[in-house]
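K.L.:
model the structure of this input:
(4 chains)
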2 protein chains.
Amino acid sequence: MSHDPTKLRLLEAAGEEFASKGFDGATIRAICDRAGMNLAAVNYHFGDKENLYEQAVVHAHRCDMTLLVEPEADETPESALRDHISKFLEHVVALERATWQQVLMLREMVNPTRASETLVREAIRPRFERLCRILRRLCPEADERRIQALAFSVVGQCLHYKLAPSISMRLIGPDAFARLDLEYLTDHITRFTLAALGHELPFDLSESVHKALSQKELMG
Amino acid sequence: MSHDPTKLRLLEAAGEEFASKGFDGATIRAICDRAGMNLAAVNYHFGDKENLYEQAVVHAHRCDMTLLVEPEADETPESALRDHISKFLEHVVALERATWQQVLMLREMVNPTRASETLVREAIRPRFERLCRILRRLCPEADERRIQALAFSVVGQCLHYKLAPSISMRLIGPDAFARLDLEYLTDHITRFTLAALGHELPFDLSESVHKALSQKELMG
DNA sequence: ACTCGTTTCAAACGTCTGTTTGAAACGGTT
DNA sequence: AACCGTTTCAAACAGACGTTTGAAACGAGT
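P.N.:
Predicted structure coming up:
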């Protein structure tokens, strides 16, 4: 890729504008202002707005490769799942800490463009397949279709809090929504999933009992 | 509300345009064309575009009240949950059968405006609370926070297939994605959830065994 | 038939958008 | 210093958009 500082400034300014305003909402004028460049710079360096958007998305995901940490080999699949869910919630879902790169990639998920192919290949699929590998260890008898449905069940539970946060908040009230913090959700989704797979106590047991007894004592 | 046929024509045309193009993408000209009316009709009858959008969303949900069917009193919570998930997937998620009303309401979920308050109060909350009631019967010892998190886990699993279908399809390929049809997903999400709550066999048992034996024989 | 409030219509307005243009500024080469 | 390819710049262009306007058409009440 290009290391031209001018193009880089434009790509970053474009990424931030596109992330906060969307493709239609962001204007070339605002992008060039933010980059401290002339209005014509975008069309000179990138041809047109669509091309700039595509390259901005690809550039953004290159700056956001922190998430994919391979699990240690001796990790149990249970703790690998917990790690994965925790990292996923923390980096992709947590509202307040979201960088514009992540916002941009989420926009691309819901409203995919030409850039989404690169995005899927280089950023999303590696994480998804890592999740599938964990699920295969947890669920060795499941076929591929089941594994994919299970992976979407995990991802869906997590992404919900990113894709529909304002409606969710309105639904149960801001206080109750705030109580569903990162730690609680990580624990909830992990236990929900593990219980569904038969690797942990189901939820219908009293919560206090569940907390009082360690998992290993009960599961063996 | 108004039974003025002119306003109704405009509301329906607006709903379809907003659903397929979004608020910014839809134009007053296209809406009036579709309604067979003059360009100035919108501003005369509704003031401005934003007001028209708000009323179109409310009008859409009024035309889409088919979903909320109260369960029969003697239904077991397990089959009530299966019914709820099935209806939810069928009416809200199924791509090919989605009406513009549903698309519009989903747009409002991800990108809420002033109209979302009415939408939540009259359309979303009743369904959500019905789901919560079912979960409380399945999980009588859970506190309110747990119930809400559980409800979001169910909703998140379902909505994922609506909110990020193109990325999901790209992720596992169109063939594999097509294999996750309505019937399979209903069964998957229901069993996943019931297993997490300890009301059904977990997934890590062989699928064939699971199918061969009826639930009642095993669960008592 | 006339009136008057309501509704429709064609036309225009002002603004904002992405894009183009042609000249100016720059930087290395001869 | 003259040259030339590259990059920057101010200005303008053309089109689309939401909105406004003022007159025409309509319809019920007198």
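
K.L.:
is A:Leu106 in a helix, a strand, or coil?
P.N.:
The three-state label given to A:Leu106 by DSSP: H, G, I helix; E, B strand; the rest coil is helix.

K.L.:
what's the neighbour count on it?
P.N.:
18 (other Cβ atoms under 10 Å in any protein chain shown). Heads up, the C-betas are built off the backbone N, CA and C, glycines and all.

K.L.:
and the closest residue to DNA strand C within chain A, what does it touch?
P.N.:
Scanning chain A for proximity to DNA strand C using Cβ to the nearest atom of the strand identifies A:Asp48 as nearest, at 3.1 Å. Contacts for A:Asp48 (Cβ atoms under 8 Å, 6 or more residues apart in numbering or on different chains) come out as A:Val42.

K.L.:
measure it to A:Ile28 for me?
P.N.:
Here A:Asp48 is placed at a distance of 9 Å from A:Ile28 (Cβ to Cβ, to the nearest Å).

K.L.:
what do you get for A:Ala149?
P.N.:
A:Ala149 sits 42 Å away from A:Ile28, going by Cβ to Cβ.

K.L.:
ok, these two, which is more surrounded?
P.N.:
Neighbour tally, A:Ala149 and A:Ile28, criterion other Cβ under 10 Å: the higher count belongs to A:Ala149, 23 against 19.

K.L.:
just give the number of residues close to A:Val103.
P.N.:
Neighbours of A:Val103 under the rule other Cβ under 10 Å: 19.

K.L.:
what parts of chain A come near DNA strand D?
P.N.:
With Cβ under 7 Å from any atom of the strand as the criterion, chain A comes near DNA strand D at residues A:Asp4, A:Thr6, A:Met37, A:Asn38, A:Leu39, A:Ala40, A:Ala41, A:Tyr44, A:His45.

K.L.:
save these as TSV, and put in distance to chain B too.
P.N.:
What follows is those, written out as TSV (distance: Cβ to the nearest Cβ, whole Å):
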residue	distance to chain B
A:Asp4	30
A:Thr6	30
A:Met37	25
A:Asn38	26
A:Leu39	22
A:Ala40	25
A:Ala41	25
A:Tyr44	27
A:His45	26
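
K.L.:
widest-spaced pair of the residues you listed?
P.N.:
The most widely separated members of the residues of chain A next to DNA strand D, counting by Cβ to Cβ, are A:Asp4 and A:Leu39 (18.5 Å).

K.L.:
what about the strands in chain A?
P.N.:
Remark: no strands are assigned in chain A by DSSP state E.

K.L.:
next one: A:Pro112 from chain B, what distance?
P.N.:
5 Å (Cβ to the nearest Cβ, to the nearest Å).

K.L.:
repeat for A:Ser86
P.N.:
For A:Ser86, the distance to chain B - Cβ to the nearest Cβ - is 15 Å.

K.L.:
excluding chain neighbours, what is closest to that residue?
P.N.:
Nearest non-adjacent residue to A:Ser86, counting by Cβ to Cβ, 6 or more residues apart in numbering or on different chains: A:Thr186, 4.6 Å away.

K.L.:
can you give me the pLDDT of the one you found?
P.N.:
At A:Thr186 the predicted local confidence, pLDDT, stands at 95.

K.L.:
so it touches A:Leu89, yeah?
P.N.:
Yes - with contact defined as Cβ atoms under 8 Å, A:Thr186 counts as touching A:Leu89 (5.6 Å).

K.L.:
domain-wise, how is chain A divided?
P.N.:
Following automatic domain parsing, one gets these domains for chain A: A:5-62, A:77-219.
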